[in-house]
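Enquirer: 3D model of this:
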Amino acid sequence: MDSSDTDIIDGFVRGKKKDYDTISGWIGTVVSSMVWNESISAEDIVSDTRYKVLLNLKEGKFRHDSSLKTYVQSVARFTTIDTIRSHRRATEYEFRARLEESDAEDPLEVFENEHQLYVVDRILNVIDQKCIVLWKMICLEGLTYKEIAIRIGLSEGAVKTRVSRCKDKALALRRKIE
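Expert: Alright, predicted model coming up:
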């Protein structure tokens, strides 16, 4: 057991700023490398992770099998993954709810709607998350290419190229699925 880990644990549990900042820094490094979707709050994930780590340390769940830094970063990684998955499920649910609001009564139309939902669902589960983020900004938020470029720090031309490539990928996936 590393004495510096023990000191950091003790300081973090007692609320020492230096140790709080050390653990927060470890968490922030992991979260910032995994979260690039602006609709997911990295600060919330850092806060949730910090709270989980605090509870685990108070309850003695850290077994000193690895370094404290490795343990904290592992908790951060799993918390981030859970948050991203949860966000994705919520987005898919909203999409399905909109599709189900359709007033179609013709069995063929109902079948076609369900098939379209299946195809879109498959594409969204396979395609790069960066494409999904772009489509959300365009379709749900109604942003222009210029506004997207400003938001994500690219040129307007680069955004147009990305959108075009995402569209091509989605169409290729659609051909494979259908």
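Enquirer: C-alpha from now on. contacts and neighbour counts both.
Expert: Will do.
Enquirer: domains of the chain?
Expert: Residue ranges for each domain of the chain read 3-85, 102-177, as given by automatic domain parsing.
Enquirer: export those to CSV and tack on mean pLDDT and mean neighbour count?
Expert: What follows is the domains of the chain, written out as CSV (pLDDT from 0 to 100; neighbours: other C-alpha atoms under 10 Å):
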stretch, mean pLDDT, mean neighbour count
domain 3-85, 90, 16
domain 102-177, 81, 14
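Enquirer: ok, Thr144 - contacts?
Expert: Ile138 (C-alpha atoms under 8 Å, 6 or more residues apart in numbering).
Enquirer: measure it to Cys166 for me?
Expert: When C-alpha to C-alpha, to the nearest Å is applied, the distance between Thr144 and Cys166 equals 16 Å.
Enquirer: so where do the helices sit in the chain?
Expert: For the chain, helices defined by DSSP state H occupy the ranges 3-14, 17-34, 42-58, 68-100, 107-126, 129-135, 145-152, 156-177.
Enquirer: Now do the third one and helix 17-34, the angle between them.
Expert: Going by axes from the mean of the first three to the mean of the last three C-alpha atoms, to 10 degrees, helix 42-58 is angled at 130 degrees with respect to helix 17-34.
Enquirer: which residues sit against helix 42-58?
Expert: 9, 12-13, 23-24, 27-28, 31-32, 35, 62, 72, 75-76, 79-80, 83.
Enquirer: Distance from it to the middle of the chain?
Expert: Taking C-alpha atoms, centre = their mean, to the nearest Å, the mean C-alpha location of helix 42-58 is offset from the chain mean by 17 Å.
Enquirer: what's the angle from that helix to helix 3-14?
Expert: Going by the same axes, to 10 degrees, helix 42-58 makes 110 degrees with helix 3-14.
Enquirer: just the CA coordinates of helix 42-58, formatted as PDB?
Expert: Coordinates of each C-alpha in helix 42-58 appear next as PDB, following Å, rounded to 0.1, in the frame of the first residue of the first chain:
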ATOM      1  CA  ALA A  42     -18.800  16.600 -18.600                       C
ATOM      2  CA  GLU A  43     -19.100  18.600 -15.300                       C
ATOM      3  CA  ASP A  44     -22.000  16.400 -14.200                       C
ATOM      4  CA  ILE A  45     -20.000  13.200 -14.900                       C
ATOM      5  CA  VAL A  46     -17.000  14.600 -13.000                       C
ATOM      6  CA  SER A  47     -19.300  15.400 -10.100                       C
ATOM      7  CA  ASP A  48     -21.000  12.000 -10.100                       C
ATOM      8  CA  THR A  49     -17.700  10.300 -10.300                       C
ATOM      9  CA  ARG A  50     -16.200  12.300  -7.400                       C
ATOM     10  CA  TYR A  51     -19.200  11.400  -5.300                       C
ATOM     11  CA  LYS A  52     -18.900   7.700  -6.100                       C
ATOM     12  CA  VAL A  53     -15.200   7.800  -5.300                       C
ATOM     13  CA  LEU A  54     -15.900   9.600  -2.000                       C
ATOM     14  CA  LEU A  55     -18.500   7.000  -1.000                       C
ATOM     15  CA  ASN A  56     -16.300   4.100  -2.000                       C
ATOM     16  CA  LEU A  57     -13.300   5.500  -0.100                       C
ATOM     17  CA  LYS A  58     -15.400   6.100   3.000                       C
END
